[in-house]
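Asker: Here is the input, now give the coordinates:
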Amino acid sequence: MRLRETISKLKKTIANKNKELAQIREDVPALVRAVHQLTLENQELREQLELPASNVTPVHRVR
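Answerer: Numbering: from 1, shown residues only. Take a look at the predicted model:
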């Protein structure tokens with residue numbers, strides 16, 4: 001009887017792991033897109049930091 005219980009538990013564990021793997025596989029493309037977008041934005045910000053400083057000084061209104 002213990003062998004059957006163990007086999008049953010192992011089958012449930014395998015089923016849960018397969019479900020988890022399927023979810024991870026579904027999530028990967030969205031995560032890759034997010035990382036790509038963040039990489040592009042980071043590159044753009046670094047390029048902006050390399051530009052010479054502006055000579056324009058913002059003037060704030062006195063209230």
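Asker: quick one, helices of the chain?
Answerer: 2-50 (DSSP state H).
Asker: CA atoms only: put stretch 29-41 into CSV for me.
Answerer: Taking only C-alpha atoms (Å, rounded to 0.1, in the frame of the first residue of the first chain), the coordinates of stretch 29-41 have been written out as CSV:
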residue,chain,number,x,y,z
PRO,A,29,8.6,36.0,-24.0
ALA,A,30,7.1,38.8,-22.0
LEU,A,31,10.1,38.9,-19.7
VAL,A,32,12.5,39.0,-22.7
ARG,A,33,10.5,41.9,-24.2
ALA,A,34,10.6,43.8,-20.8
VAL,A,35,14.4,43.3,-20.5
HIS,A,36,14.9,44.4,-24.1
GLN,A,37,12.8,47.5,-23.5
LEU,A,38,14.7,48.4,-20.4
THR,A,39,18.0,47.8,-22.1
LEU,A,40,17.0,50.2,-24.9
GLU,A,41,15.8,52.8,-22.5
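Asker: Can you list the buried residues in that stretch?
Answerer: Buried residues in stretch 29-41, counting neighbours by 16 or more other Cβ atoms under 10 Å, are absent. All C-beta spots, glycine's among them, are computed from the backbone N, C-alpha and C.
Asker: contacts for that stretch?
Answerer: With contact meaning Cβ atoms under 8 Å, 6 or more residues apart in numbering, stretch 29-41 is reached by no other residue.
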